[in-house]
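>>> Okay, sequence plus prediction incoming.
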Amino acid sequence: MSKSGILIAVEGMDGSGKSTQAKLLYHWLRAKGLPVYHTEWNSSKIVKAATKLGKQNKRLLPMTFHLIHAADFADRWAKQIEPVLKIGGIVICDRYKYTAMARDGSREVSLETIEQTYSFAREPDLTIYFDVPGEIGYERITKGRPSLKYYEAGMDMGWSDDPFESYRIFQSKVSEIYSQLVKDGRIIRLDATGSVPEVQKRMRVLFNDNIDISEITVIDHADRLAQNLSQSDFDWLSYTGGN
Amino acid sequence: MYQGKLIVIEGPDQVGRSLHTKLLSARLEAHGVATFTIGLARSTLMGELLKSHTHHIHQLNWRTRALLYATDLHDQIQNGIEPLLEAGFVVISDRYDMTPKIRESVRGGDSDWIESLYSEIPKPDSVILLHCGPRRLLNRIMFGEKLESLNNFESGMDMGISTSITSSFLKYQKLLRDEFTKAGKDIGATLIPTRDSVEVVHNKIWESIQPIIGDLIQPINDS
C-alpha cells in the first residue's frame, strides 16, 4: 500500500517544550506554503466534554481513561489527520499513540491492549521525543502552582496521597516507557534542553535529515495570499495602493 | 467466577428488549433475587453525551462511535457491575457488546477491532437474543405513533440503501437481523422470536435461564 502525506508526531514529558516546538514547526512549514495541519491530544470537540466530566468527577478508571482518549484520537484521526494525509498534506500531531502507551501503560493497561486499540493509527514518518532531565520538566510544571490536577498527578492510582509525590512516581513510569520506545526505534530522541531557538534549530536538523518535502505540492500563491489577507487585521483605510 | 449472574438481552429497537428486561427483573425480585439493570448509553460518564447528542454521535465515524460506546459500557461495568456480581446480584444488561459491534460492522466497521475493545468485560452467563421480522418492527413503530421520530441512522439511511426511510428501514433491519442471528448462534445465545404474545415470550426467557438461576431463586408461595 502506498502511503500518502507526511505524518509527524511530537512526544515527551509534560514541560519538555514539545508543544511550543511543534507549533514553530507548523508555522515554518506553513510559511513555506505547504499544506500542513496541526492537531493536539484530547481536543476533539465532541469527546472532550465527556473526558472533562469524567476527570472532574474522578470517575475515570484506567480502562475508561484509555478508551475515552482513544475515542478523542479516533475522531481527530477520521476528521483531521487521515483526510489531510489523503490529499498529500503534512500533519503534525502534538502527542500521538505513544502518549497513550506511556500514560495508560503507567496505569497498568497492557501495552498489547493499547497497541490493538490504536492499530488503525499508522507509525508516523517521524516521531520526535523531546528529552529533558526529569527535574527540568518537573520544575516547569510545578513552578508557581499550588496544586496539580488529579489525573495529571496520577492520583487515581493511589501511589501516594501527596499530589507532587504521586506526580513524580507517575512521571518516572511514563519516562521508563518512553525510554523503551526510544530503544525500540519507534520514537527518536531529541535533546530538548536549552533555549527555544536552540531546540528549534536542532529540531529542524532532525526534520530535514528524516523528511523529504520535495514531493509535497505547494499551495498556490494566490490562494495563500487571499487566505492571509482574510485572516489578518489589515487596515484597508490606510492602504494607499502601495508601490 | 462470580456468585451472581450476568444475563444479556440483545436485539434491535422495538423488538421488546426493554419490556422483557423489566418483566424478568420483576419476576426475579419476586423470587428473592436482587437484580440490577444496565444498558447502552446509561453510564454516568457517557450517558448524557450519548443520549442528548445523538445527532452528533450519528455523524461520527464508526471507530469513534465504537470507542464511545465501549467507554460507556466499561464505565458501568467497572464502577458498579463487578462488585454487584461478586455480591450475588443478577445483572441484566439491556444490550451489551453485540449491538455496538453489529451496528458498526454493517456500516463497514472492522468487527475484530471492535471486539478487541471488549476483551476484558465479564462474559455473560446467558445471552438471549430477541428477534422478529422488519415489517413487524415497523408496524410497532407506526402503531406506537413514533414513525416521525424514526431517524436516518436507525433506518440505515446513512448507508444509502434506499431513498425512502421506510424501505431503507426494512432493508437495514433485515441486514441487522441476519447479523444478530449469526452472532447469536456463534456464541450459543438463546434465540427467541417476539411475534408471540408478551406472556409466551416472557415464559420462554424464564425457562431459558433456569439452568443458571435455579439455585438462586426462592419460592413465592412457601408451603
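Good, I have the coordinates. Just so it is clear, the structure is predicted and the values come from calculations on it, not from any experiment.

>>> Pretty sure B:E154 sits against B:H55.
No: using C-beta atoms under 8 Å, B:E154 makes no contact with B:H55, being 12.0 Å away. (C-beta placed from N, C-alpha, C; glycine too.)

>>> Quick one: residues contacting B:E154.
By C-beta atoms under 8 Å, 6 or more residues apart in numbering or on different chains, B:E154 lies in contact with B:D13, B:F169.

>>> same check, this time on the one 10 residues further on
Counting by C-beta under 8 Å, 6+ apart, B:S164 makes contact with nothing.

>>> which residues touch the most centrally placed residue in chain A?
Among the residues of chain A, A:D94 comes closest to the average C-alpha position under C-alpha atoms, centre = their mean, at 1.3 Å. The contact partners of A:D94, taken as C-beta under 8 Å, 6+ apart, are A:V10, A:K18, A:S19, A:A22, A:H38, A:T39, A:E40, A:W41.

>>> pull the helix or strand with minimum mean pLDDT from chain A.
helix A:221-231 (a mean of 77; mean pLDDT, DSSP states H and E).

>>> longest helix in chain A, by residue count?
If you go by DSSP state H, chain A has its longest helix at helix A:163-183.

>>> Give the other helices and strands that the next helix or strand after it contacts.
As assigned by DSSP states H and E, the chain's next helix or strand after helix A:163-183 is strand A:188-191. Taking 3 or more C-beta pairs under 8 Å, 6 or more residues apart in numbering or on different chains; DSSP states H and E as contact, the helices and strands that strand A:188-191 lies on are strand A:126-131, helix A:196-210.

>>> For A:Y178, which of these is the nearest?
Nearest to A:Y178, of all those, is strand A:126-131, at 6.0 Å by C-beta to C-beta.

>>> neighbouring strands for the closest one, and are they parallel or not?
strand A:6-12 (parallel), strand A:188-191 (parallel) (DSSP bridges).

>>> Mean confidence (pLDDT) on the shortest one, please.
This predicted structure assigns strand A:188-191 an average pLDDT of 98.

>>> residues in contact with that strand?
Residues contacting strand A:188-191 (C-beta under 8 Å, 6+ apart): A:L126, A:T127, A:I128, A:Y129, A:F130, A:D131, A:V182, A:V199, A:R202, A:M203, A:L206, A:N210.

>>> The residues you listed, buried ones only, as a ChimeraX selection?
Buried members of the contacts of strand A:188-191, defined by 16 or more other C-beta atoms under 10 Å in any protein chain shown, are picked up in ChimeraX with:
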select /A:126,127,128,129,130,131,182,199,202,203,206
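
>>> Enumerate every residue touching the residue nearest the centre of chain B.
What sits nearest the mean C-alpha location of chain B, by C-alpha atoms, centre = their mean, is B:R95, with 1.9 Å. By C-beta under 8 Å, 6+ apart, the residues touching B:R95 are B:V8, B:I9, B:E10, B:G11, B:R17, B:G39, B:L40.

>>> again, 7 Å this time
Shown in contact with B:R95 (C-beta atoms under 7 Å, 6 or more residues apart in numbering or on different chains): B:E10, B:R17, B:G39, B:L40.

>>> now B:L6, what's its secondary structure?
Per DSSP: H, G, I helix; E, B strand; the rest coil, the local secondary structure of B:L6 is strand.

>>> Hmm, B:I128 and it touching each other?
No: counting by C-beta atoms under 7 Å, B:L6 does not reach B:I128; the two are 11.8 Å apart.

>>> if we can go back for a sec, so how far is chain A from the residue nearest to the centre of chain B?
18 Å (C-beta to the nearest C-beta, to the nearest Å).

>>> Now that residue. Nearest residue, chain neighbours left out?
B:L40 (4.8 Å; C-beta to C-beta, 6 or more residues apart in numbering or on different chains).

>>> so how many other residues sit close to that neighbour?
By other C-beta atoms under 10 Å in any protein chain shown, the residues close to B:L40 number 21.

>>> Also A:E215?
8.

>>> Need the nearest residue in space to it, chain neighbours excluded.
The shortest distance from A:E215 to any non-neighbouring residue, by C-beta to C-beta, 6+ apart, is to A:G88 (7.9 Å).

>>> my guess is the one you found contacts A:I216, does it?
Yes: A:G88 is in contact with A:I216 according to C-beta under 7 Å; the separation is 6.3 Å.

>>> Give me every residue in chain B lying close to chain A.
Residues of chain B found near chain A (C-beta under 7 Å from any C-beta of the partner chain) are B:44-46, B:49, B:53, B:56, B:60-61, B:63-64, B:67-68, B:70-71, B:74-75, B:78-79, B:113, B:116-117, B:120.
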